[in-house]
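> got a structure for you, letters missing:
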């Protein structure tokens, strides 16, 4: 059995454990593990076991419900690529910002105040 096959089996076992228990497979993670979430790069990396726990908590907090199913484990030598099918149900409104003017509100989301009349919303 080569190193890459061992890596593949290690990752598969870790996913099985996580899906069965809901807990990251702590025994498989090095104490200095780093997580890079490329979906939210502004958050930076998460380091160590505490960081992994925080990442899972931060990610899960965004969803009312979620589940995942690994669909493919790809042997990439020293790395393993895992393709996952995620099913999520979003929460409701996560944040509300109140502004004193339309211009401030538009500016806060990167839009310039537009001239002309706005259409009334339909109810």
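That came in fine, so what should we check first? Everything quoted here is computed from the prediction, not taken from an experiment.
> mind giving me the packing neighbours of the helix or strand where residue 73 lies?
If you go by DSSP states H and E, residue 73 is part of strand 63-76. If contacts are counted by 3 or more C-beta pairs under 8 Å, 6 or more residues apart in numbering; DSSP states H and E, strand 63-76 sits against helix 3-21, strand 79-90. In short, each C-beta sits where N, CA and C put it, glycine included.
> which of these sits most buried?
When those are scored by mean count of other C-beta atoms under 10 Å, the highest mean neighbour count falls to helix 3-21 (a mean of 14).
> for that helix, the averaged confidence score.
For helix 3-21, mean pLDDT is 90.
> now do residue 86 against residue 31, distance only.
28 Å (C-beta to C-beta, to the nearest Å).
> before we move on, what about residue 85?
Distance, residue 85 to residue 31, using C-beta to C-beta: 31 Å.
> ok, residue 108 touching residue 99?
Yes. Contact status for residue 108 versus residue 99: in contact at 6.7 Å, counting by C-beta atoms under 8 Å.
> so, low pLDDT: which residues of this structure?
Residues of the chain meeting the criterion pLDDT under 70: 1-3, 113-123.
> a markdown table for the helices and strands packed on strand 63-76, including distance to residue 37?
Output for those, formatted as a markdown table (distance: least, C-beta to C-beta, whole Å):
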| stretch | distance to residue 37 |
| --- | --- |
| helix 3-21 | 16 |
| strand 79-90 | 13 |
